[in-house]
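Undergrad: Pasted the sequence and its predicted model underneath.
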Amino acid sequence: MELGKKEDVLAKVKDELKDKFEGHYAKGDHRLYLNVKKEAIRNCIRLLFESMKARLSTISAVDLGDRFEVVYHLTFDEFNLVVNVKCSTPKIEAKIDSVTGIVEGASWIEREIKDLFGIEFVGHPNPERLILPDEWPGDWTGGEYPLRKRR
């Protein structure tokens, strides 16, 4: 498949994820946002990174009150295209599968998000704290997190 347009990326992701694909929108010619169910995040990242040769730029998280949104920012440098893959997890069960086994560079970013938001990346090979000191109040399942909104 000749990549070059966001429509090509969109079609391939929709075809691969089927009912796990929740929607999309675009901003201009060079930025595409994909919404996927959290159980499809590994398949989506594998497709974009391994099969389509995108580069993971970073991962971010947003506290939306009752849920977290995790955004994987991938770049197709040769086509000047940024693809943002978004998935959500309820705050009461803040868990998303780790993509570190697919993209080794995701390791520290996932650990950082775990420290700051309390989102567990299931299957992470080294889920130790990265930023917060060991004496930070509470543990990851019931403690305080610097970037969580206060109720």
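TA: Thanks, I have the structure now.
Undergrad: quick one: strands adjacent to the helix or strand hosting I96?
TA: In this structure, I96 sits in strand 95-97 according to DSSP states H and E. Next to strand 95-97 in the sheet, as set by DSSP bridges, lie strand 120-122 (parallel).
Undergrad: how far does the strand it pairs with sit from the chain's center?
TA: Strand 120-122 has its C-alpha centroid displaced from the chain centroid by 11 Å (C-alpha atoms, centre = their mean, to the nearest Å).
Undergrad: For R151, report the pLDDT, please.
TA: For R151, the model assigns a pLDDT of 64.
Undergrad: So which bits of the strand holding I96 are buried?
TA: 96-97 (16 or more other C-beta atoms under 10 Å). Every C-beta, even on glycine, is put in place using the N, C-alpha and C of the backbone.
Undergrad: Next: stretch 27-37.
TA: By neighbour count on 16+ other C-beta under 10 Å, the buried set for stretch 27-37 is 32-34, 36.
Undergrad: do the same with stretch 80-96
TA: Buried residues in stretch 80-96 (16+ other C-beta under 10 Å): 81-89, 91, 94, 96.
Undergrad: Of these, which pair is most distant in space?
TA: L81 and K91 (31.6 Å; C-beta to C-beta).
Undergrad: And the strands in the protein?
TA: Secondary structure of the chain (DSSP state E): strands located at 21-26, 31-36, 55-63, 67-76, 81-90, 95-97, 120-122.
Undergrad: Can you redo those strands as TSV, where the extra columns are mean pLDDT and distance to A106?
TA: Shown next, in TSV, are these (pLDDT from 0 to 100; distance: least, C-beta to C-beta, whole Å):
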stretch	mean pLDDT	distance to A106
strand 21-26	97	21
strand 31-36	97	16
strand 55-63	98	6
strand 67-76	97	8
strand 81-90	97	12
strand 95-97	97	11
strand 120-122	97	8
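Undergrad: would you list these in JSON lines and tack on distance to V13?
TA: Output for the strands of the chain, formatted as JSON lines (distance: least, C-beta to C-beta, whole Å):
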{"stretch": "strand 21-26", "distance to V13": "6"}
{"stretch": "strand 31-36", "distance to V13": "6"}
{"stretch": "strand 55-63", "distance to V13": "15"}
{"stretch": "strand 67-76", "distance to V13": "11"}
{"stretch": "strand 81-90", "distance to V13": "8"}
{"stretch": "strand 95-97", "distance to V13": "17"}
{"stretch": "strand 120-122", "distance to V13": "21"}
